[in-house]
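J.: quick check, what structure comes out for this input:
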Amino acid sequence: MACRISELVLECADPERLAAFWSAVLGYVEVDREEDGSIEIGPPGTGFGGPRPTLVLSPGTGAPSRPVRLHIDVSPTDRDQEEELARLLALGAVPADVGQTGEESWHVLADPEGNAFCLLRKRIEPVGQE
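T.: Model (predicted):
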């Protein structure tokens, strides 16, 4: 028996803003909202426990006390990398410098709160179309 990732939790200053951003990036919808202000987003029609993990945007208490060592990688599903880069920038992502050389095949970006993520080159099939 093994585990699988069911959800990722990201502490943030503005869960509404990040839920809107990541929903647009991933094609997710709101699946739950907690009294503490947390918003869970996930794939339409499945939500928690489905084939893809959900993302919980949880109100944080300020700046993290240590650097975040986990980041999200995304891959385009219906366009090439440059077209997807343009779409992500239009949604509010910004280029980020984490010490890359410029020779990488991926783009390092930051979401509206500065959380780094990477846009990979390889196009993948959407879940359910593999």
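J.: okay, CA-based contacts and neighbour counts for the rest of this
T.: Will do.
J.: list the contacts of the most centrally placed residue in the chain.
T.: For the chain, residue 22 is the residue whose C-alpha lies nearest the centre (Cα atoms, centre = their mean; 5.2 Å). Taking Cα atoms under 8 Å, 6 or more residues apart in numbering, we find residue 22 in contact with residue 28.
J.: same thing with the one 5 residues further on?
T.: Residue 27 makes contact with 43, 44, according to Cα under 8 Å, 6+ apart.
J.: shaky segments in the protein?
T.: 1, 61-67, 127-130 (pLDDT under 70).
J.: if we can go back for a sec, can you read off the backbone torsions of the residue nearest to the centre of the chain?
T.: phi -70, psi -30 (degrees, to the nearest 10).
J.: how near is it to residue 39?
T.: Residue 22 sits 11 Å away from residue 39, going by Cα to Cα, to the nearest Å.
J.: so what's the residue count around the closest residue to residue 111 other than its chain neighbours?
T.: Nearest residue to residue 111, sequence neighbours excluded (Cα to Cα, 6 or more residues apart in numbering): residue 93, at 4.8 Å. For residue 93, the count of nearby residues is 23 (other Cα atoms under 10 Å).
J.: just residue 107 next, same as before
T.: Residue 107 has 19 nearby residues by other Cα under 10 Å.
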